[in-house]
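[1] Below are the sequence and a predicted model; questions follow.
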Amino acid sequence: MRTNNVFVAHITHIAYIGRKPLMPVVELSPKAALVVLDVQQGILGLPLQPHPAAQVVDNSARLAHAFRAAGLPVVLVNVAHGPDGGAALQPRADVPHNPPALHPEFSQLSPELAAHPNDLLITKRQWGAFTGTELDIQMRRRGIDELVLTGVATNLAVESTARFAYEHGYHVIVAEDATSTFSAEHQEFATKKILPMIARVDTTDAVLTALKAARP
């Protein structure tokens with residue numbers, strides 16, 4: 001059987017991800033938007049690693065303030081399952097899904113985000129922010145071509161949204177220190193093995209510096 005050299009090269013490239021330095025964020029599209037994922041009361045109270053909830057909230061709020069000041073869209077996304085939990089996915093899976101939290105505060109966004117009247121508010125019913133929402137159409141009608149992602153959990157909501165954004169043709173940036181999940185191992189795998197293939201991964205400060213440079 002003849003070996004497909006293109007396929008082998010692709011697999012070799014994937015294996016190499018995580019050993020080479022990540023591409024730093026030195027420029028930002030003038031048509032970028034910030035998407036903050038699941039920075040909400042019912043999730044921030046969970047034990048997060050490696051970055052504490054307060055850091056995720058603070059860095060997300062810093063970015064939101066800067067994007068608003070630059071006249072760029074800020075999208076605040078929460079997850080909710082409906083008053084009866086009926087909107088929650090219940091797949092047959094090896095790892096059972098916990099019942100959705102239904103208390104009224106579960107889906108309330110962190111007050112530190114200080115939602116602005118011009119912010120776009122998106123409610124999703126699963127990990128990613130694209131399926132079943134108007135996120136894509138809202139971005140396209142504003143001419144947005146690049147999304148900066150923050151939030152919880154890195155390997156769930158953030159990674160799922162990044163994958164769909166990539167497949168929809170958006171450029172993606174992940175502010176790593178404005179994300180967190182439920183184990184340091186999961187954070188490292190997502191930010192060093194998966195996300196670098198579809199996005200640029202850098203710090204909040206790097207994104208803020210690039211944002212200043214992008215402003216007219």
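    That came through fine.

[2] which helix of the chain spans the most residues?
    The helix that spans the most residues within the chain, counting by DSSP state H, is helix 53-69.

[3] what is the mean pLDDT for that helix?
    The pLDDT scores in helix 53-69 average 98.

[4] Can you tell me what sits against that helix?
    Defining contact as CB atoms under 8 Å, 6 or more residues apart in numbering, one finds that helix 53-69 is touched by 32-34, 36, 39, 44-45, 48, 73-74, 76, 110, 112-114, 116, 118-119, 148, 150-152, 175, 177-180, 204, 207-208, 211. Heads up, the C-betas are built off the backbone N, CA and C, glycines and all.

[5] in that helix, what's buried?
    Buried residues in helix 53-69, counted by 16 or more other CB atoms under 10 Å: 53, 55-68.

[6] Nearest to H186 among those?
    For the buried residues of helix 53-69, the closest approach to H186 (CB to CB) belongs to V56, at 14.6 Å.

[7] Give me the neighbour count for G132.
    Per other CB atoms under 10 Å, the neighbour tally for G132 reads 12.

[8] That one looks like it's in a strand, true?
    No: secondary structure of G132 (DSSP: H, G, I helix; E, B strand; the rest coil): coil, not part of a strand.

[9] Next, the contact list for it, please.
    By CB under 8 Å, 6+ apart, the residues touching G132 are 124-126.

[10] May I ask which of those residues has the most neighbours?
    Greatest neighbour count in these, by other CB under 10 Å, goes to K124: 22 neighbours.

[11] Could you list everything that one pairs with in the sheet?
    V79 (DSSP bridges).

[12] Could you report the pLDDT at it?
    K124 is given a pLDDT of 96.

[13] what's the answer for the one 10 residues further on, then?
    With respect to pLDDT, E134 has a value of 98.

[14] same question, V6
    42.

[15] Quick check: the spatially most central residue of the chain vs V172, distance?
    Centroid-nearest residue in the chain, with CA atoms, centre = their mean: V158, separated by 3.2 Å. To V172, V158 is 10 Å away according to CB to CB, to the nearest Å.

[16] Next, the closest residue to A199 other than its chain neighbours: secondary structure please.
    Counting by CB to CB, 6 or more residues apart in numbering, A199 lies nearest to V172, which is 3.7 Å off, once chain neighbours are set aside. Classification of V172 by three-state DSSP places it in strand.
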